[in-house]
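Student: any chance you could fold what I've pasted below:
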Amino acid sequence: MKKAIIIPARYASQRFPGKVLAPILGKPMIQHVYERCKLSSADMVIIATESPAVFKVCQQFEADVRMTSANHKSGTDRCIEIARELTDVDYIMNVQGDEPLIDPKSINALFDYIISSNTQIATLKNTLIHHADIQNPNVVKCVCAHSGKALFFSRSTIPFHRDLGKNRPQYYAHVGIYVFQYKTLIHIGQLLQSELEIAENLEQLRWLENGLDIWVLKTDYKSIGVDTLADLEEVEVRMQRVNSS
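Tutor: Below you'll find the predicted structure:
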């Protein structure tokens, strides 16, 4: 079974333009993401970008980098453009270019799960503890069936705690990396944006609305997706702590 990781690396981020090239301990962020993905069991790792500047930087650290259209609405759409060239691949994982602390063990766990279970799509969640995170619309929450199949994802606080006199339900944050069967990813490329997706700005809702199953594994891995300068500083502090230990 051949496994590929595609890293969408869009330069024109609305909240933090050029963030994939932001330096962290002397390397651009996209290089950290690429190198950590290379530590996984994937047979190939490809960076997909719309930016000549990102393309040039990735060539300098000898990454497999490919140009894509600037018109894609999501990272998965960018992955699909590259995936159409990879007809000998069985599974494709989408790892965002703003995840410099991505965990190779979690990547491997997702690949192992989708291969053994023959599911269409698999992703990750971790436990939310702090009230501020539960209320934060930038932290995407997910609820799942007992089987692990996703029921819904939302920026709102789900489930809603109606009876405050009872114990608080458990909340989970979605960790936004996905692995797809190749044929499922190509099928997603034929689906139109959905109302729920547009309302929440969450592309996985398009897949649920079209009847695709998403299976969610629990992980202890705590993601830091870089959306602000404060996020970047937090990542750098954590990396310095790891390097000094």
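Student: what about residue 239, helix or strand, and which?
Tutor: Counting by DSSP states H and E, the element that carries residue 239 is helix 229-244.
Student: tell me the mean pLDDT over that helix?
Tutor: Averaged over helix 229-244, pLDDT sits at 86.
Student: show me what it is packed up against.
Tutor: strand 23-24 (3 or more CB pairs under 8 Å, 6 or more residues apart in numbering; DSSP states H and E). Any C-beta I mention is one placed from the backbone N, CA and C, and that applies to glycine too.
Student: ok so, going back, what comes up buried for the helix holding residue 239?
Tutor: 231, 232, 235, 236, 239 (16 or more other CB atoms under 10 Å).
Student: same check on stretch 47-59?
Tutor: Buried residues in stretch 47-59, counting neighbours by 16+ other CB under 10 Å, are found at 47, 48, 49, 50, 51, 54, 55, 57, 58.
Student: try stretch 186-203
Tutor: 187, 188, 194, 196, 197, 200, 202, 203.
Student: what's near enough to touch the last one?
Tutor: The reference is to residue 203. Residues in contact with residue 203 (CB atoms under 8 Å, 6 or more residues apart in numbering) are 73, 74, 75, 76, 197.
Student: one more: the fourth one?
Tutor: By CB under 8 Å, 6+ apart, the contact set of residue 196 is 202, 205, 206, 208, 209.
Student: ok, and the closest non-adjacent residue to residue 30?
Tutor: residue 20 (4.3 Å; CB to CB, 6 or more residues apart in numbering).
Student: that neighbour: what secondary structure?
Tutor: Per DSSP: H, G, I helix; E, B strand; the rest coil, the secondary structure class of residue 20 is helix.
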